[in-house]
Each structure stands twice: as structure tokens, then as C-alpha cells.
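Visitor: I would like the atomic coordinates for the input below:
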Amino acid sequence: MLQNIEKNKIINFFLEKEVLVGPNFINNINEEFKSDEFYDLFKQKIPSDKFLVISNDLFNSIINKKESLDLNWKELDKSKVLKEKEKDERIYNKFMEFIGNNKEKVLIPEKSESFNENEEQKEEIKLSKTSGKVKVVHSYSKEPKKREIQDFVKLFNNRFKRIEKMFQSRRELQNLTSISRIKAKKEKETVSFIGIVTDKQTTKNNNFILTLEDLTSDIKILINKNNNLYEQAKDIVLDEILGITGSNNGDLVYVNNILWPDVPLQNELKKAPNESYVLFLSDIHVGSNNFQEKEFNKFIKWINGEIGSNEQKKIVSLIKYIFIAGDLVDGIGIYPGQDSELLIKDIFDQYEECARLLKNIPERINIIICPGNHDAMRLAEPQPELYKDFSKPLWEIPNVIMVSNPSIINIESSEEFSGFDVLLYHGYSFDYYIANVDSIRNNGGYDRADLVMKFLLQRRHLAPTHTSTLYIPDNEEDPLVIDDVPDFFVTGHIHKTSVSNYKNVTLICGSCWQSKTAFQEKVGHNPEPCRVPIVNLQTRELKILRF
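Guide: This is a model prediction of the structure:
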């Protein structure tokens, strides 16, 4: 029998890792058990911040795997509780089947951790049955871990430094200086600096006073209501990073000019040497009783060349890529009362049905998928690739490429052509900016996704305000910074198609395949389902197909 002192050592180890160990597990360990080897193996198999109860069957399955496991550990723990309460053992059994029987490598491949990668560092995926080429430039794949308050500080510092570099070549910001030096100046003069907005107030005279901070100090700036910058200043949001020129007066700067990091104007619209097509889907919402199955099946028939004009059938034969910008299923428990609007009330069945539909897309077409807020995974961004334990049927489709939300994917490259970089982002932060930015809210709101996308490109960040989306405070980088200028910026989320062009960046917001829900009726959303943007990569001509 194992001595009590050794048992206590093992139990204390698990407690330090916030893991509960069942008595049956401890009692079945014999004297040959080598604790040091087990500790090393356990750390390899399960990230240290994962909380679950270890039982004999789960322990044996995990230890016998050759790789680390990409699992939704929280849901695994919940499923075990349901099984023990004899309420539902199917979900737990599916987890165990996945752990024990899945012969494929389940560890998410290690990808680049920076948006700003050299061409030779891009991960290239070649699918034997597809007709196009896909390179994953960036897909977030870092292992989850415990986060500290200091991680937020490091994230904002990283964001500041990266966006600061975007400003440093701007002619309008000559003689840049730090805020601490500006505050130390005794004479009034013209100053230029870069700062992050930490506060925004309106005075009784309707002037704006903002507090900006850099790595050295903070300072207030004043934008007079009679200044021609006043209308632009209305759209300034907290936590965005600005370039400022003005006149200093002690601890206050009177603003002469405001600059945003923005994307530079591309010299020309990039075009592929040969004719090929890419189309964009979003927000399929399989499982909802509002899912437009008839219309989606019509789309499937069209893309298989079974319906449509001769010209359309020619176009279909040249389609190489389909992007799906999240919300493949309707999910479970996403909003109050959702259960009454679900046709499929099991998350596994929702993904199975979604996979059944997508399998009908010809295998020669690459399908690039990122998750959304309705998918069965963490809501905090960046969202990793769809969890394999829930969406395994989708992973098994040979022409599907899973990426994170957000991600950057390069398509159609060759020795002679650099290809197109596609920035793919579901768009969960859109709701905040539609509600809080005057120029967006007053000029169409949810009908004008292009205004939100332009706003984010100007800020070079997908969610500049701290409260605009849930996010993971990565202590090494801010994954939502837009370092490199994409050729396509593709989103979804708001269920209404929008296509536009900003400085030769093509802005595309996908449609949806779900009719208006009771929740959308309540908040005033008017979706336009079953519309598919399609782009000719040789001409960059863009059309919207209606199904």
C-alpha cells in the first residue's frame, strides 16, 4: 500500500494545481508509482490552470495519449457531474470516446504568434483535392493559462508600442516628445506626442477635455467646440491611441490636429493574374428554428452547378475559396429564452448537422472557418480554432481549414504573385461601436457595417475600447492589433451584408442564414439573410448573390 505521507504529497500537488482528486484514484495507486515522472507527464497532458476532477477512467485515458489534449476542460467537468447524477451520460461518453479513440493528432498545430510575419514564416496548407492555395499567416494558438492583473498592463504596453511605431513615420508628428517632457516645459510652444485615451469629458461650454497617457505620464488636452476637429473628436473612444499636435500650457495642451494610426492608401488595387473566385458566408446558425434550410440547400445546389445560368455555372467552376466568419451553429444558452427557438437542442447534433450540410460543398473548394460568439467555445477574444471535442465532424471534412478569431489568411499566392491577405474577424465588438460612436449610430447603425470596419481600420485595432469585447490579456502581445494592412477585411455578426472599399482594402460583412429571431425583434435588428458576396480575384469585381 502507498504510505500516507506519499498520498498526502500527491494530494497536495493536485490541490496546488486546483485539481480535485477522487479517493478511488489515490487508493488505486501502488508503491511502484513514481511521483516525479507522473508530475512531468501530468504537466504535459493538462495545462496547469485547468480545473477538473480526476477519476480512474479519465486518468488512464489521458496518460495513455501520446500528445497533449485540446479539450474544453470545463465542459468535460460538467459532463462528468451530469453523468454521476444520472441525468445525462452521453456528453461525458463522447468526451471519453474522443480522448481514447481519436487517432488523429489533437494538439492544435503551433502557428505564428504575430500578425507581422515574413513570407517564409507563413504556414502553408496544401490540400490535395482543392484547387487553391491557402497560407495561414496568423491563427492564435497559445495554450490557456492563469491571467494576472499585470497581464493587462503588459498587453496595453505592447499595444501602445506597436501602434506608436505606426505613427513615427508621419510627417505631421515631427519632433515627437514624451508627455513627461511636455509637462516639464516652461515656455509655450508647439508640441507633438502620442497617447492612449484614458478619459473623455465634456465641459459646461461643450468643449472636449481628454486625458491621454503614454509610458511616462499623462496630460489633458482641450478640443474647442469651434475647432474644425470637433466633429471628429465626437467619435474618439476610450483606450484608442492618438497622435496629437498642439500648444502646451502647463498641464494642458490646446489641440491643433488629431491623427489616427489608420491604414495607408494602397497604390493600386491588387489583382490576381488568373480568373478565380472567393465567396463569403457568415452566421449560418444551424440548430435554430429560424435557420433558412431551404435557402441554404439552394445555395448548395448552386455551388454544385445543379442550378443557375451557364454564366453562373462557369463562375462556380472557378470558385476556389469560401470563408465562413463564425456562428456556424446557434449554440445553447446564448441568450434568455433561446431554448424555445431551437430546432436542435444538443450542441453535438448542431455541429453534426452543420457538417452534413458543408460536406456537400465540392472538395476542390477550400473552406476557411473561424468561430463566433454562438459557437461552443470561450467567448473571450482571440477565440482559438473551434474546439475539436464539440465540432469534430467539421474537422473531419477534408477541405476545411480551421483558424482562430481573428486570423489572417493568404490565398492565391504563387511564385509570380504574392496573393491576397484576408483579415477574418467575426465582429463581436461591433455592437459597442454601433451604440457608442455618433457617426456610426446616426448614419445607419446596424445597416452600416462598413462604417464600423472603417472605424476599426483607422484605429488599427479590432476592439480598441477595453469594454467593447471580452478578451484574453496576452502578456506578450495584443492579438487584436492590425499590424499589416490586409487586402480583404471580412466580418459577420450583425446579419446584414455590407460591401465597401477603404483605401483599396475591400470591406466585406457577411450575411446570415437565419430569419429574424424574437430577440432581434425586441432590439430592432432587421437581418437580411441568404446573401452571398462573391469576388472575382482577377478583376476585384464584387457581386452579392441572393438565395
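Visitor: So which elements touch the longest helix seen in the chain?
Guide: With secondary structure taken from DSSP state H, the chain has its longest helix at helix 149-167. Here helix 149-167 touches strand 190-202, strand 241-249, going by 3 or more Cβ pairs under 8 Å, 6 or more residues apart in numbering; DSSP states H and E. (Glycine included, C-beta is placed from N, CA and C.)
Visitor: Any buried residues in that helix, and which?
Guide: Judged by neighbour count using 16 or more other Cβ atoms under 10 Å, the buried positions of helix 149-167 are 151, 154-156, 158-160, 162-164, 166-167.
Visitor: So which bits of the next helix or strand after it are buried?
Guide: Moving toward the C-terminus from helix 149-167, the next helix or strand (DSSP states H and E) is helix 179-184. For helix 179-184, the neighbour count (16+ other Cβ under 10 Å) marks 179, 182-183 as buried.
Visitor: Show me where the protein dips below the pLDDT cut-off.
Guide: 1-6, 14, 17-74, 85-87, 98-132, 523 (pLDDT under 70).
Visitor: contacting residues for the residue positioned nearest the centre of it?
Guide: Against the mean C-alpha coordinate of the chain, by Cα atoms, centre = their mean, the closest residue is residue 405 at 2.2 Å. Shown in contact with residue 405 (Cβ atoms under 8 Å, 6 or more residues apart in numbering): 326, 370-372, 381-383, 424-426.
Visitor: closest to residue 457 among the buried residues of helix 179-184?
Guide: residue 179 (26.3 Å; Cβ to Cβ).
Visitor: I'd guessed the closest one sits against residue 213; true?
Guide: Yes. Assessed by Cβ atoms under 8 Å, residue 179 is found in contact with residue 213 at 7.2 Å.
Visitor: Find residues that contact each of these two.
Guide: 195, 219.
Visitor: ok, residue 427 to residue 228 distance?
Guide: In this view, residue 427 and residue 228 are 32 Å apart by Cβ to Cβ, to the nearest Å.
Visitor: Which one's more surrounded, those two?
Guide: A count of neighbours by other Cβ atoms under 10 Å puts residue 427 above the other of residue 427 and residue 228, at 29 against 7.
Visitor: returning to that earlier point: so which of the helices and strands packed on helix 149-167 is the most surrounded?
Guide: strand 241-249 (a mean of 20; mean count of other Cβ atoms under 10 Å).
Visitor: Give the next helix or strand downstream of that strand.
Guide: Following strand 241-249 toward the C-terminus (DSSP H and E): strand 252-259.
Visitor: ok and that next one relative to strand 241-249, angle-wise?
Guide: Angle, strand 252-259 to strand 241-249, by axes from the mean of the first three to the mean of the last three Cα atoms, to 10 degrees: 140 degrees.
Visitor: Next, the buried residues of strand 252-259.
Guide: Buried residues in strand 252-259 (16+ other Cβ under 10 Å): 253, 255-256, 258.
Visitor: before we move on, what about stretch 365-383?
Guide: Of the residues in stretch 365-383, those buried (16+ other Cβ under 10 Å) are 365-378, 381-383.
Visitor: How about stretch 141-149?
Guide: For stretch 141-149, by 16+ other Cβ under 10 Å, it's 141-142.
Visitor: With stretch 82-91 instead?
Guide: 83, 91.
Visitor: start to end distance for it?
Guide: Chord length of stretch 82-91, first to last residue, is 9 Å (Cα to Cα, to the nearest Å).
Visitor: i'd like the first residue to be 20 from this point on
Guide: Yes, from this point I'll number from 20; that puts the last item at stretch 101-110.
Visitor: quick one: which of the buried residues of strand 271-278 is nearest residue 308?
Guide: Using Cβ to Cβ, those come closest to residue 308 at residue 277, 48.2 Å.
Visitor: can you tell me which residues contact the closest one?
Guide: 242, 248, 251-252, 255, 261-263.
Visitor: And for residue 529?
Guide: Per Cβ under 8 Å, 6+ apart, neighbours of residue 529: 299-302, 342-344, 509-511, 516, 552.
Visitor: of those residues, closest to residue 333?
Guide: Distances from residue 333 to the contacts of residue 529, taken by Cβ to Cβ, are shortest for residue 552, at 18.6 Å.
Visitor: and that closest one, how many neighbours?
Guide: Neighbour tally, residue 552, other Cβ under 10 Å: 23.
Visitor: Return the list of helices and strands in contact with the helix or strand it falls within.
Guide: Taking DSSP H and E as the definition, one finds residue 552 inside strand 550-555. Applying 3+ Cβ pairs under 8 Å, 6+ apart, we find strand 550-555 packed against strand 296-300, strand 524-528, strand 561-565.
Visitor: Tell me, how many residues neighbour residue 431?
Guide: Count around residue 431 with other Cβ under 10 Å applied: 21.
Visitor: give the contact list for it.
Guide: Residue 431 touches 151-152, 291, 295, 339-340, 438-439, 556, counting by Cβ under 8 Å, 6+ apart.
Visitor: Recalculate using a threshold of 7 Å.
Guide: Neighbouring residues of residue 431 by Cβ atoms under 7 Å, 6 or more residues apart in numbering: 151-152, 291, 295, 438-439, 556.
Visitor: Most neighbours out of these, which is it?
Guide: In terms of neighbours by other Cβ under 10 Å, the contacts of residue 431 top out with residue 556 at 26 neighbours.
Visitor: Isn't it up against residue 295?
Guide: Yes. Look at residue 556 against residue 295 with Cβ atoms under 7 Å: they come within range, at 5.0 Å.
Visitor: JSON lines for the contacts of residue 277, including distance to residue 504?
Guide: Output for those, formatted as JSON lines (distance: Cβ to Cβ, whole Å):
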{"residue": "242", "distance to residue 504": "28"}
{"residue": "248", "distance to residue 504": "25"}
{"residue": "251", "distance to residue 504": "22"}
{"residue": "252", "distance to residue 504": "25"}
{"residue": "255", "distance to residue 504": "22"}
{"residue": "261", "distance to residue 504": "19"}
{"residue": "262", "distance to residue 504": "18"}
{"residue": "263", "distance to residue 504": "23"}
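Visitor: Would you map out the domains in the chain?
Guide: 23-120, 138-163+284-565, 189-278 (automatic domain parsing).
Visitor: Now do residue 363 against residue 343, distance only.
Guide: Following Cβ to Cβ, the distance that separates residue 363 from residue 343 is 18 Å.
Visitor: Settle it for me: which of the two has more neighbours?
Guide: Just comparing residue 363 and residue 343: by other Cβ under 10 Å the higher neighbour count belongs to residue 343, 26 against 20.
Visitor: Let me see the contact set for the more buried one.
Guide: 300-301, 386, 388.
Visitor: what's the most distant pair in those residues?
Guide: 301 and 386 (12.9 Å).
Visitor: Contacts only, for the residue lying closest to residue 432 once chain neighbours are set aside.
Guide: Spatially, and ignoring its direct neighbours in sequence, residue 432 is nearest to residue 438 (2.9 Å; Cβ to Cβ, 6 or more residues apart in numbering). Counting by Cβ under 7 Å, 6+ apart, residue 438 touches 429-432.
Visitor: What values do phi and psi take at residue 438?
Guide: phi 80, psi -180 (degrees, to the nearest 10).
Visitor: which strands and helices sit next to whatever helix or strand residue 452 lives in?
Guide: Using DSSP H and E, residue 452 maps to helix 449-455. Contact analysis of helix 449-455 by 3 or more Cβ pairs under 7 Å, 6 or more residues apart in numbering; DSSP states H and E lists helix 457-460, helix 468-478 as its packing neighbours.
Visitor: The longest one: what's the following helix or strand?
Guide: In this case it means helix 468-478. Downstream of helix 468-478, the first helix or strand assigned by DSSP H and E is strand 507-510.
Visitor: For that next one, give me every contacting residue.
Guide: Contacts of strand 507-510 (Cβ under 7 Å, 6+ apart): 299, 342, 344, 439, 441-446, 468, 472, 476, 524-528.
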